[in-house]
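K.L.:
A structural model of the following input is requested.
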Amino acid sequence: MKVNKNRVLQLILSIMLIIGFASCSKKSSSSKGSSRGTGWNVDNKKGTPNKKQEAGPGLVFIEGGTFTMGKVEDDVMHDWNNTPTQQHVQSFFMDETEVTNKMYLEYLDWVKKTFPPTDENYKDIYNGVVPDTLVWRDRLGYNETMTNNYLRHPSYGDYPVVGVNWIQAVEFAKWRTERVNEALLEKNGYAKKNAKTNDVTAEQNFNTELYLNSPTLAYGGNAEIVLPGKYADKKGGKRVTKPGKDGKVIEPTNIYAQRSSGIFLPEYRLPTEAEWEYAAAADVGQREYNIYKGQKKYPWSGSYTRSGKRQSKGDQLANFKQGNGDYGGIAGWSDDGADITDEVKKHPANDFGLYDMAGNVAEWVLDVYRPIIDNEANDFNYFRGNQYTKNKIGKDGKVVVVTKDSIQYTTLSNGKKVATTFPGQIAQVPVDEKETYLRQNFDKSDNIGYRDGDKESTKFFNFADSESDKKGKEERAMYNSPKHNVTIDSLGKMVRKYDKSNKRTTLINDNIRVYKGGSWRDRAYWLNPAQRRYFPQDMATDYIGFRCAMSKVGAKSDKGRKARN
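P.N.:
Alright, predicted model coming up:
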């Protein structure tokens, strides 16, 4: 067969042109360092590299996904509060273990050093963060050893902290956020070396949001601590300017860290109920179960509390109450190795690498308790308890910073005062119509009672907004709980106002929080991740502890599919 050489050459030339155009097109659309929107070279600024979020100290990664939230087996307590619903949880990080006594003591030491109780301005702060060690006492039991030693004796250092109420746990998480971000600021050259461990006064208390909003106000405006950063031209810790070739002064770059710098971590916080249950169930790796039906009973594989592995066959997989009068088995033949709480990491981790998600201590979560999970309203990152705030702005147009004279306290039901704002923080106020007007996603600051317990969701609600309708609406509310009130008068005396009304119908209110997981005091029934109970947020026990979580920014998983060009 005769081949036309000219035809072949034309074909080869055409193919080369097509490849050339394709490569040019690809190169121009993905030029490294230039904006895909404008073509400007905006991505090569020093100090703002593209980076992935690192896990904070003590945290492990929990890849998000879908799961069935709520119990699907027998409900022997007849609570009817865990009807199964399908939910999706975004990826996040969670503490590998519960917060231990050793971790909490670090918090106590910092508070005592920064806000000395001997100072009249701060006398109530330290006492407000100390756990209630009297939770160990029992009318017919001798537990004084734990009362005196459990929190501070080194033998209990790696045991989960207890006696901490929900409010104190939230404040611990806030403190942890500031200390971690402060260390990152120093590590990246934006703060003076060892500033966080030196004698920083209460007025110089570091706050991440204040630094991001007004860096010059951070550390009480101490310019010797706040530095330009490692990417700036600096000498002796001070900002340096120098003339260029044209004689004009060259300003150093990246004077202060910004959110776009990527060095700050999101806040530590309590996990939401959905996050906690998803992480405890750890359906990842348990493919023999139908995760869409939620048939998994415990954080481990199988329907029994004892190990079936050859090396540990018969060992209990969690620390819980075996039966009446049996908290740890017969001496020498201990079932779970503990009579009260146990040292963390003594039992195997679940498939996410989390320890003690069943047993040891139950754990506070972020949610306000309601019997129903309203998946019709939301099935993504479900959470009940949103109270939106914004920075308080002064008459001068600047943010208002909390001082020693404007510290806010909340008085617990037992009369104990707990500080909820500290010097160096930005004062917060509820959002108003400027943020809510004509919005479709939220219309007020406090969303705790949305579609469940607020006036509009009761069967008695009358849309005729009349005076007769308003009258007595408190008595007709869905959650008509007792309203005890405790205040402290000007002389420091406790004033108790006990609600003696005989019209109260429930204990559920907006100050009741969910706690999850079984504890050393609980039977195996409560080890199921779907079980849920509630307790007043300002009260503590010897069987409820907590662990922290942190949201993940960026991709669902760093090992995901390759991006297409």
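K.L.:
Burial check on the closest residue to K398 other than its chain neighbours, number of neighbours?
P.N.:
Leaving out its chain neighbours, the residue that sits closest to K398 by Cβ to Cβ, 6 or more residues apart in numbering is S214, at 7.2 Å. Just so you know, the C-beta spots here come from the backbone N, C-alpha and C atoms, and that holds for glycine as well. Using other Cβ atoms under 10 Å, S214 is surrounded by 15 other residues.
K.L.:
so S214 touches G397, yeah?
P.N.:
No: if you go by Cβ atoms under 8 Å, S214 and G397 don't touch, sitting 11.6 Å apart.
K.L.:
could you pull out the strands for the stretch 1-150 of the chain?
P.N.:
59-62, 65-69, 85-89, 92-95 (DSSP state E, counting those that start in this stretch).
K.L.:
Just say which of these is most tucked in.
P.N.:
Most buried of the strands of the stretch 1-150 of the chain by mean neighbour count (mean count of other Cβ atoms under 10 Å) is strand 92-95; its value is a mean of 24.
K.L.:
how about that strand as CSV, C-alpha atoms only?
P.N.:
Taking C-alpha atoms only, strand 92-95 is exported to CSV below (Å, rounded to 0.1, in the frame of the first residue of the first chain):
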residue,chain,number,x,y,z
PHE,A,92,-13.1,17.4,63.5
PHE,A,93,-10.5,16.6,66.1
MET,A,94,-11.1,15.2,69.6
ASP,A,95,-9.0,14.6,72.7
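K.L.:
contacting residues around it?
P.N.:
Surrounding strand 92-95, the residues in contact under the criterion Cβ atoms under 8 Å, 6 or more residues apart in numbering are 55-56, 58-62, 64, 271, 275, 279, 352, 354, 547-552.
K.L.:
Of those residues, grab the buried ones for PyMOL.
P.N.:
PyMOL command restricting these to the buried ones, with burial defined by 16 or more other Cβ atoms under 10 Å:
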select buried, resi 56+58+59+60+62+64+271+275+279+352+354+547+548+549+550+552
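K.L.:
Narrow the contacts of strand 92-95 to those in helices?
P.N.:
Counting by DSSP state H, those place E275, A279 in helices.
K.L.:
Is it correct that W526 falls within a helix?
P.N.:
Yes: using DSSP: H, G, I helix; E, B strand; the rest coil, the secondary structure at W526 is a helix.
K.L.:
Tell me, how many residues neighbour the closest residue in space to M494 that isn't next to it in sequence?
P.N.:
Counting by Cβ to Cβ, 6+ apart, M494 lies nearest to G415, which is 4.1 Å off, once chain neighbours are set aside. Neighbours of G415 under the rule other Cβ under 10 Å: 13.
K.L.:
Wait, G415 touches K493, no?
P.N.:
No: G415 is beyond contact range of K493, at 9.4 Å (criterion: Cβ under 8 Å).
K.L.:
Give the residues shared as contacts by these two.
P.N.:
Counting by Cβ under 8 Å, 6+ apart, nothing touches both G415 and K493.
K.L.:
Can you show me the helices along the stretch 51-200 of the chain?
P.N.:
Secondary structure of the stretch 51-200 of the chain (DSSP state H, counting those that start in this stretch): helices at 101-114, 125-129, 144-149, 166-187.
K.L.:
Ok, the stretch 401-550 of the chain next?
P.N.:
Listed in chain order, the helices of the stretch 401-550 of the chain (DSSP H, counting those that start in this stretch) span 433-436, 467-470, 473-476.
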